[in-house]
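Chemist: A structural model of the following input is requested.
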Amino acid sequence: MNTDGPPTFSDPTLWPTVAQAEAIAAGRLGSRELLAMQIERIEQVDPVVNAVCTRAYETARDQAQRADDATAKGESWGPLHGIPVTVKDALATAGIRSTGGATELRNNVPSVDAPVVASIREAGAIIFGKTNLPRWSGEWQAFNEMFGTTNNPWDLSRTPGGSSGGAAAAVATGMTSFEIGTDIGGSIRVPSAMCGVFGHKPSFGIIPTLGYLDEPNGGATESDVNVFGPITRSAADLSLLLDVLARPRPDRAVAWRLDLPTPAQRGLHGLKGLRIGIWFDEPSLPRDHEMLEVVDGVATKLEQAGAHLDRSTRPAFDARAGWVQAMHLIGAAAGVSDNDHGISHTDWLHADRMRAGVRAAWAEYFELVDVLLCPVAITPAFPHTQQGTMIDRTVPCGGTDVPYFLVGAWASLIGAAYLPSTSAPVGRTRAGLPIGVQVVSPYLHDRSSIAIAGWITERVGGYEPPSLIG
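Modeler: As a prediction, the model looks like this:
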C-alpha cells in the first residue's frame with residue numbers, strides 16, 4: 001500500500017509524517033492530540049513489542065500545547081512543526097536519558113543534543129521518548145541487559161532487526177511519527193526491511209554523526225562508515241527528513257555547503273526508461289528462496305512499467321572479497337565500542353586503499369545503470385537468537401542454518417563503499433513477514449535512491465500496519 005499520497009488510513013498515527021505535518025499546520029490535527037494517540041498506542045502494544053525504553057511524556061505534552069498555541073496564531077516552528085517523535089537511544093538527547101544500550105551509561109542524561117537531534121528540534125519536532133537497541137548498537141537484533149528484548153510487531157517470536165530495532169518497530173506500529181537511526185553495518189536498513197518500513201542510509205559524510213553513544217566517552221568524534229538517517233512510513237518522509245538532516249557538522253558550517261543533486265538533474269523522471277541493475281542472487285552468499293521469489297516478482301513489475309533491467313552486469317570487483325573487506329572495515333570502526341584494539345592504522349590505510357578501488361568500480365558501474373536493486377539482508381526477520389556471540393551463532397536461511405555474521409553482508413557491502421541506499425518494503429512472505437529491497441544510487445545521489453524507492457512502491461509494496469494493531 002503506497003503512502004506517498006494522501007493518507008490511506010483513518011488513524012493519524014499511521015499517516016506518513018508529511019501528512020501529519022500538513023494536518024497540524026492546517027489545524028485539522030493537534031500536536032497534543034497526535035501525541036496522546038501515540039502514547040495510547042505505546043500503552044496498548046509496547047508491553048509485547050518493547051520498543052520504547054525511556055519516556056518523557058510531560059515535557060512533550062507541554063511542548064505540544066505550545067505548538068498548538070503557535071498554530072492557532074498562524075506561526076510555524078518549521079517543516080516538522082508539532083510532530084511528536086522518539087529517538088534511538090544511541091543518540092545524545094538533551095534532558096532525556098540516553099544510554100547507548102549499555103549499563104555504563106545507565107544514568108546518563110546529556111546536556112547537549114547530538115546535531116541530528118538538534119536539527120529535528122529546530123525543525124519543530126517534539127521528542128517524547130527513546131527507543132531500544134543492542135549494547136553500543138553492535139547487533140542485528142535489539143536487546144540489552146537494561147531494557148530487555150524488542151520483538152518484531154509482525155511476529156513477536158522474531159527480531160525486528162538491529163541495531164535500530166526499537167526505532168523501526170515504533171515506526172511500524174505508529175508509536176512515533178518517524179525515527180532517526182544509525183547505520184554502520186546495516187542498522188537502519190536491516191530493521192526497516194524486517195519491520196516493513198522505509199529507511200535511508202545516506203551517503204557517508206552528509207549528515208553529522210557527532211553525539212553517537214558507542215562507548216562510555218563516545219560522541220565527540222565521528223567513525224568511519226557510520227551514518228545517521230531517517231526511518232519512516234513513506235519515501236516522501238525520507239525526502240523531507242533528508243532536507244532537515246543533511247548539512248555540514250556545526251564546526252564546519254561557517255564555510256561548507258551541501259547541494260545534493262535532484263533526480264531531474266540526472267534526467268530521471270519515473271520508472272519508464274529507468275536503467276535498473278538487478279543483483280539478487282549472489283553465489284557467495286546464502287539465499288532465502290521465498291525472499292528471492294518476491295523481489296524477482298518486483299523486478300518483473302518494474303519491467304512491465306517500462307524500466308530497463310540489467311540482470312547480468314556487476315561492479316568490477318569480486319563480490320566475496322568485497323563483502324569480506326567491508327565487514328573488516330566495519331569491524332575496525334566499531335571495535336572501539338568494547339575496547340577492541342582492532343587493526344593497526346597501517347592495516348586500516350591498506351584496507352582504505354583497497355576500498356578506493358571498490359568505490360571506483362562502483363562509480364564505473366553507475367555509468368551503466370541509474371540505480372541498483374539488491375537484498376537488504378540474507379533473510380527476512382529471523383527468530384530471536386541471543387546465546388553465544390555473533391561469530392558462533394547461526395540463523396535459518398534457504399532451508400539450512402548459516403553463520404549469523406552473514407545477516408548483514410549485503411548491507412555492509414554497500415555501506416562500507418559510502419553509497420546511499422534506501423530500504424523499501426516491497427512485499428511479504430507467505431507467513432506474512434515483511435520483505436525489503438535496497439535501492440542503491442551513486443555516491444551523493446541520495447535524492448535519486450529515495451525518489452526511485454517511492455516510484456517502486458507506487459507500483460508494488462509500501463507500508464502496511466502490522467496486524468498487531470488491527
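Chemist: Surely residue 333 is in contact with residue 225?
Modeler: Yes: using Cβ atoms under 8 Å, residue 333 is in contact with residue 225, at 5.0 Å. Placement of C-beta: from N, CA and C, glycine included.
Chemist: any residues in contact with both of these two?
Modeler: Common neighbours of residue 333 and residue 225, using Cβ atoms under 8 Å, 6 or more residues apart in numbering, are residue 184.
Chemist: which residues of the stretch 51-200 of the chain fall in helices?
Modeler: Applying DSSP state H, counting those that start in this stretch to the stretch 51-200 of the chain gives helices spanning 57-72, 115-122, 165-172, 189-195.
Chemist: closest one to residue 416 among those helices?
Modeler: Nearest of these to residue 416, taken as Cβ to Cβ: helix 189-195 at 13.1 Å.
Chemist: who does the closest one touch, helix- and strand-wise?
Modeler: helix 165-172, strand 179-183, strand 198-201, strand 421-428, strand 434-440 (3 or more Cβ pairs under 8 Å, 6 or more residues apart in numbering; DSSP states H and E).
Chemist: Can you tell me the centre-most residue of the chain?
Modeler: Geometric centre of the chain, nearest residue: residue 188, 2.7 Å, by Cα atoms, centre = their mean.
Chemist: helices or strands next to the host helix or strand of residue 300 in the packing?
Modeler: Using DSSP states H and E, residue 300 falls within helix 289-304. Helix 289-304 sits against strand 275-278, strand 308-310, strand 371-375, strand 421-428, strand 434-440, helix 446-459, with contacts defined as 3+ Cβ pairs under 8 Å, 6+ apart.
Chemist: Let's have the ones you listed in JSON lines, adding distance to residue 410.
Modeler: Converted to JSON lines, the helices and strands packed on helix 289-304 look like this (distance: least, Cβ to Cβ, whole Å):
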{"stretch": "strand 275-278", "distance to residue 410": "13"}
{"stretch": "strand 308-310", "distance to residue 410": "18"}
{"stretch": "strand 371-375", "distance to residue 410": "5"}
{"stretch": "strand 421-428", "distance to residue 410": "10"}
{"stretch": "strand 434-440", "distance to residue 410": "7"}
{"stretch": "helix 446-459", "distance to residue 410": "15"}
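Chemist: Let's have those in TSV, adding mean neighbour count, distance to residue 244 and mean pLDDT.
Modeler: Listed next are the helices and strands packed on helix 289-304 as TSV, based on neighbours: other Cβ atoms under 10 Å; distance: least, Cβ to Cβ, whole Å; pLDDT from 0 to 100:
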stretch	mean neighbour count	distance to residue 244	mean pLDDT
strand 275-278	19	28	98
strand 308-310	15	34	98
strand 371-375	24	24	98
strand 421-428	27	16	98
strand 434-440	28	21	98
helix 446-459	25	13	98
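Chemist: ok, back up a step: can you lay out the helices of the stretch 51-200 of the chain as a markdown table showing mean neighbour count and mean pLDDT?
Modeler: Compiled in a markdown table, the helices of the stretch 51-200 of the chain are given as follows (neighbours: other Cβ atoms under 10 Å; pLDDT from 0 to 100):
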| stretch | mean neighbour count | mean pLDDT |
| --- | --- | --- |
| helix 57-72 | 17 | 98 |
| helix 115-122 | 21 | 98 |
| helix 165-172 | 36 | 99 |
| helix 189-195 | 34 | 98 |
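Chemist: Is it possible to get a markdown table of those helices that adds distance to residue 340?
Modeler: As requested, those are exported to a markdown table (distance: least, Cβ to Cβ, whole Å):
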| stretch | distance to residue 340 |
| --- | --- |
| helix 57-72 | 37 |
| helix 115-122 | 26 |
| helix 165-172 | 23 |
| helix 189-195 | 22 |
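Chemist: Select, out of those helices, the one closest to residue 469.
Modeler: When the helices of the stretch 51-200 of the chain are compared (using Cβ to Cβ), the closest one is helix 165-172, at 8.9 Å.
Chemist: the inter-axis angle of the closest one versus strand 421-428?
Modeler: Counting by axes from the mean of the first three to the mean of the last three Cα atoms, to 10 degrees, helix 165-172 lies at 60 degrees to strand 421-428.
Chemist: Could you verify my assumption that residue 364 touches residue 317?
Modeler: No: Residue 364 is not in contact with residue 317 according to Cβ under 8 Å; the separation is 10.2 Å.
Chemist: out of these two, which sits in the more crowded spot?
Modeler: A direct count of neighbours by other Cβ atoms under 10 Å for residue 364 and residue 317 places residue 317 higher, at 19 against 11.
Chemist: Run through the residues that contact the closest residue to that one other than its chain neighbours.
Modeler: Once flanking residues are discounted, residue 317 sits nearest to residue 361: 4.8 Å by Cβ to Cβ, 6 or more residues apart in numbering. Going by Cβ under 8 Å, 6+ apart, residue 361 touches 315, 316, 317.
Chemist: Same question for residue 381.
Modeler: 152, 154, 155, 158, 159, 160, 161, 194, 195, 433, 434.
Chemist: pLDDT below threshold where in the stretch 1-150 of the chain?
Modeler: Across the stretch 1-150 of the chain, the ranges flagged by pLDDT under 70 are 1-7.
Chemist: Now do the strands in it.
Modeler: Ranges of strands within the stretch 1-150 of the chain are 52-55, 84-88, 126-131, 143-144, 148-149, based on DSSP state E, counting those that start in this stretch.
Chemist: can you list those strands in TSV and add mean neighbour count?
Modeler: Below are these laid out as TSV (neighbours: other Cβ atoms under 10 Å):
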stretch	mean neighbour count
strand 52-55	21
strand 84-88	30
strand 126-131	27
strand 143-144	22
strand 148-149	15
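Chemist: Can I get those strands in JSON lines including distance to residue 176?
Modeler: Formatted as JSON lines, the strands of the stretch 1-150 of the chain follow (distance: least, Cβ to Cβ, whole Å):
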{"stretch": "strand 52-55", "distance to residue 176": "8"}
{"stretch": "strand 84-88", "distance to residue 176": "4"}
{"stretch": "strand 126-131", "distance to residue 176": "8"}
{"stretch": "strand 143-144", "distance to residue 176": "19"}
{"stretch": "strand 148-149", "distance to residue 176": "19"}
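Chemist: So for residue 310, which of these sits nearest?
Modeler: Smallest distance to residue 310 across these (Cβ to Cβ): 35.8 Å, for strand 84-88.
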